[in-house]
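Colleague: Can you look at this prediction? I've put the sequence above it.
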Amino acid sequence: MHHRDLELLRQKYAHPSTDTGVLIQMELENIARLCEQCDGPQRQFSAAIVDKFCRVIQLMDQENEWLLACADNRLQEACEREKGVLQYVAAPAAVTQIASPDPIPFSSADDLLRAFYNHFRTAEQREADYREIPFILANVGRMKEDLIYVEDAASKQQLEDAVKSEMKKVNLTMKDYAARVKTFAKRYLDAMLADGVLGCTELTEDRVLFTYRNIELILARFDTKEDGQINKQKSNICSALRKLNQFKRETEM
């Protein structure tokens, strides 16, 4: 059963058009080669792993289709509202052009966080890109689940070694830092804008890109205390922001 599902996925991702698609294609080809090498008792064990991997990819595809449908519906609703507004609002006599902010070398938050994470990888972690982390951790999770059912000592040790090998590819500290930057942009940036401590009150770009662009000012004015006491989450976020500022200095020299 899993061979059919695997072949269907290989056909689907035969010509990927995105970075994520390329990564999935690479993993599918690696799995196919490993399956070819399995025989006897190994075949049943590998079949269970492949079945789970295929199921995860299928669930991800279903979720992406749902998200795209929701986005399309929101876009259509916004267009309809815009049409209604334009019918009743007269065009202004003159339009004041707002100066564009200085360009930065990142087109999206994901693009920035990828460069941020990859910049601080160790030599041992160079083979794994930031965007591969979810797949690596998902693979580790599956192997840890399989450990429960492995009774043979040699097979169990082999699987444990594989888990350790996969985890060495991930810089967990930088992964956490990237997540904290996103948390700041989502939870705390609005409050700083509302208080006017950043010199503006609204966003004109992605929150993470805004954070990167104004990181020096944000660090200078981000208060990590609440009721006179250090807030642990804010303090941890501040550490991530300082690392982001280091990244900006080192890459913009």
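Modeller: Yep, it's here. Residues are numbered from 1 along each chain as shown.

Colleague: List the buried residues for stretch 121-131?
Modeller: 121, 125, 128, 129, 130, 131 (16 or more other CB atoms under 10 Å). The way it works is simple: take the backbone N, C-alpha and C, and place the C-beta from them, glycine included.

Colleague: State the distance from residue 168 to residue 157.
Modeller: As for residue 168, its distance to residue 157 is 17 Å (criterion: CB to CB, to the nearest Å).

Colleague: Could you tell me which ranges of the stretch 101-250 of the chain sit under the pLDDT cut-off?
Modeller: 101-102 (pLDDT under 70).

Colleague: can you list contacts of stretch 103-123?
Modeller: Applying CB atoms under 8 Å, 6 or more residues apart in numbering, the set of residues contacting stretch 103-123 from outside is 128-131, 133, 171, 174-175, 177-178, 181-182, 185, 206-209, 212-213, 243-244, 247, 250-251.

Colleague: Would you map the strands across the stretch 151-253 of the chain?
Modeller: Applying DSSP state E, counting those that start in this stretch to the stretch 151-253 of the chain gives strands spanning 225-226, 229-230.

Colleague: Provide the strand pairings for the last one, with the direction of each partner.
Modeller: Note on strand 229-230: by DSSP bridges, its sheet partners are strand 225-226 (antiparallel).

Colleague: now the strand it pairs with, how far from the chain's geometric center?
Modeller: Centroid separation for strand 225-226 versus its chain: 29 Å, with CA atoms, centre = their mean, to the nearest Å.

Colleague: List the contacts of the closest residue to residue 236 other than its chain neighbours.
Modeller: Nearest residue to residue 236, sequence neighbours excluded (CB to CB, 6 or more residues apart in numbering): residue 180, at 6.1 Å. Applying CB under 8 Å, 6+ apart, we find residue 180 in contact with 236, 237, 239, 240, 241.

Colleague: again, but for residue 193
Modeller: Contacts of residue 193 by CB under 8 Å, 6+ apart are 200, 201, 202, 203.

Colleague: What is the nearest of those residues to residue 218?
Modeller: residue 200 (12.0 Å; CB to CB).

Colleague: Let's have the buried residues of stretch 121-131 in TSV, adding secondary structure.
Modeller: Conversion of these to TSV gives the following (DSSP: H, G, I helix; E, B strand; the rest coil):
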residue	secondary structure
121	coil
125	helix
128	coil
129	coil
130	helix
131	helix
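
Colleague: what would these look like in TSV with distance to residue 222?
Modeller: Putting the buried residues of stretch 121-131 into TSV (distance: CB to CB, whole Å) gives the following:
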residue	distance to residue 222
121	26
125	29
128	31
129	29
130	24
131	28
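
Colleague: Output stretch 107-124 as CSV, nothing but the C-alphas.
Modeller: Below are the C-alpha coordinates for stretch 107-124, written out as CSV (Å, rounded to 0.1, in the frame of the first residue of the first chain):
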residue,chain,number,x,y,z
SER,A,107,11.2,39.9,0.3
SER,A,108,9.2,38.2,3.1
ALA,A,109,9.4,37.3,6.8
ASP,A,110,10.2,33.7,5.9
ASP,A,111,13.1,34.8,3.6
LEU,A,112,14.5,36.9,6.5
LEU,A,113,14.1,34.3,9.2
ARG,A,114,15.7,31.7,6.9
ALA,A,115,18.8,33.9,6.4
PHE,A,116,18.8,34.7,10.1
TYR,A,117,18.9,31.1,11.1
ASN,A,118,21.3,29.9,8.4
HIS,A,119,23.8,32.7,9.2
PHE,A,120,24.4,31.2,12.7
ARG,A,121,24.5,27.5,11.8
THR,A,122,27.6,25.5,12.9
ALA,A,123,29.6,23.7,10.3
GLU,A,124,27.9,20.4,11.4
